[in-house]
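Visitor: Dropping the sequence and predicted coords here.
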Amino acid sequence: MLARGNLVGRIRGQRTRVKRAILAALMLVAAAVPVRAALLDSGLDLVTGNDFAPFTGETLPQGGMLTEVVLSAFKAVGLSYEVRFMPWKRGYDGVVAGKYLGSFPYVRTPERESEVLFSDPLMEVRQLVYLSARTPMEFHTPRDFKGRSVCAPVGYALPTELTAMIATGDLVRESPADLPACVRMVATDRVDAFIIDEFTGQAAVANVVAERDIRVSDQPYARVGQHLVLSRANPEAPAVMAAFNSGLKKLKESGAFDEIVKRHLGHSR
């Protein structure tokens, strides 16, 4: 028969091994993110918006380049979601409220960071300043916007520096319903400029007005990442985001990401 001290020690050792086994099992479950996230497959949809070629748009092939990227990244980890198209602000507000799982593509801002989770970058793009051919404004630094007007549709975020200038009254923002309206306002010199990535800007100008009515600054405003965002109101969002980032990595490492981008940029030309 074991002495009492040895028996207690063995019991404690067994308990320690059980705890370690439980922790290991929990780690395995956490790593198996697709299993946990699959509970959301039929419950919540992803949302995005229109007038953002070649990235998103319900009339674009596969709903746009980044719509295909997002769905393919989820598929790579065994997940499937529906995508709904709606006005940008309505969709984003629905995500923040937990009505929808997530939306894309979004640029990081301090305000958004407090409301949603951001994925790894879907891709990085150059933000360009599109100016009216009639405005004397030139762009070299954000300070050049002082005393000017900028157009950004409802639901679109401006760079932090410009948002601060608007708050102090040093810059006027016009916010129509969509990007084509901004293009028309700049082309007719009702507003000095709008800021958008080079691909969307090129497509918007070509579809709405004569290119001679708008010029592009030689100096890009910035280079930024575009992201999937998920609702912080959803307790499963961190697990879903981890799964998505894993799928996005697989997509890029396999070469499938480059194939999607090449195909869609070919469509947009």
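Guide: Thanks, I have it. None of the values given here were measured: they were computed from a predicted structure. Numbers count the residues shown, from 1 in each chain.
Visitor: where does the stretch 151-269 of the chain dip in pLDDT?
Guide: Applying pLDDT under 70 to the stretch 151-269 of the chain flags the ranges 267-269.
Visitor: Please, where are all the helices along it?
Guide: 160-167, 179-187, 198-208, 237-254, 256-268 (DSSP state H, counting those that start in this stretch).
Visitor: just the ones you listed: most buried one?
Guide: Most buried of these, by mean neighbour count (mean count of other C-beta atoms under 10 Å): helix 179-187, with a mean of 22. All C-beta spots, glycine's among them, are computed from the backbone N, C-alpha and C.
Visitor: residues making contact with that helix?
Guide: Helix 179-187 has contacts (C-beta atoms under 8 Å, 6 or more residues apart in numbering) with 51-52, 130-133, 151-153, 156, 174, 176, 191-194, 196, 200, 204-205, 207-210, 213-214.
Visitor: starting at the chain centroid, how far to that helix?
Guide: The chain centre lies 23 Å from the centre of helix 179-187; the measure is C-alpha atoms, centre = their mean, to the nearest Å.
Visitor: what's the angle between that helix and helix 198-208?
Guide: 80 degrees (axes from the mean of the first three to the mean of the last three C-alpha atoms, to 10 degrees).
Visitor: now the angle between helix 256-268 and the helix or strand harbouring Lys75, please.
Guide: Assigned by DSSP states H and E, Lys75 belongs to helix 65-76. Between the axes of helix 65-76 and helix 256-268, defined by the same axes, to 10 degrees, the angle is 150 degrees.
Visitor: And helix 65-76, how far out from the chain middle?
Guide: Centre to centre, stretch against its chain (C-alpha atoms, centre = their mean), the figure for helix 65-76 is 13 Å.
Visitor: what's the answer for stretch 103-122, then?
Guide: 6 Å.
Visitor: measure it end to end?
Guide: End-to-end distance for stretch 103-122: 12 Å, by C-alpha to C-alpha, to the nearest Å.
Visitor: buried set for it?
Guide: Buried residues in stretch 103-122, counted by 16 or more other C-beta atoms under 10 Å: 103-108, 112, 115-119, 121-122.
Visitor: Tell me where the stretch 51-200 of the chain has strands.
Guide: Counting by DSSP state E, counting those that start in this stretch, the stretch 51-200 of the chain has strands at residues 83-85, 102-106, 116-118, 123-132, 148-151, 171-174, 193-197.
Visitor: Please work out which of those is packed deepest.
Guide: Among the strands of the stretch 51-200 of the chain, highest average neighbours (mean count of other C-beta under 10 Å) belong to strand 102-106, with a mean of 27.
Visitor: returning to what we had before: what mean pLDDT does the helix holding Lys75 get?
Guide: Averaging the model's pLDDT scores along helix 65-76 yields 97.
Visitor: hmm, who's touching that helix?
Guide: 46, 48, 54-56, 60, 62, 80-81, 83, 104-105, 122-123, 226, 228, 243-244, 246-248, 250-251, 256-257, 260-261, 264-265.
Visitor: residues in contact with Ser132?
Guide: Val186, Ala187, Thr188, Asp189, Val191, Asp192, Ala193, Asp213, Ile214, Arg215.
Visitor: For the residues you listed, which PyMOL command selects only the ones that are buried?
Guide: Per 16+ other C-beta under 10 Å, the buried members of the contacts of Ser132 correspond to this PyMOL selection:
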select buried, resi 186+187+191+192+193+213+214+215
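Visitor: With distance to Ala237 as added columns, please give the contacts of Ser132 in CSV.
Guide: CSV is the format used below for those (distance: C-beta to C-beta, whole Å):
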residue, distance to Ala237
Val186, 37
Ala187, 40
Thr188, 43
Asp189, 44
Val191, 37
Asp192, 39
Ala193, 35
Asp213, 43
Ile214, 39
Arg215, 42
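Visitor: Contacts only, for Glu211.
Guide: The contact partners of Glu211, taken as C-beta under 8 Å, 6+ apart, are Val205.
Visitor: Kindly provide the distance from it to Ala203.
Guide: Distance, Glu211 to Ala203, using C-beta to C-beta, to the nearest Å: 12 Å.
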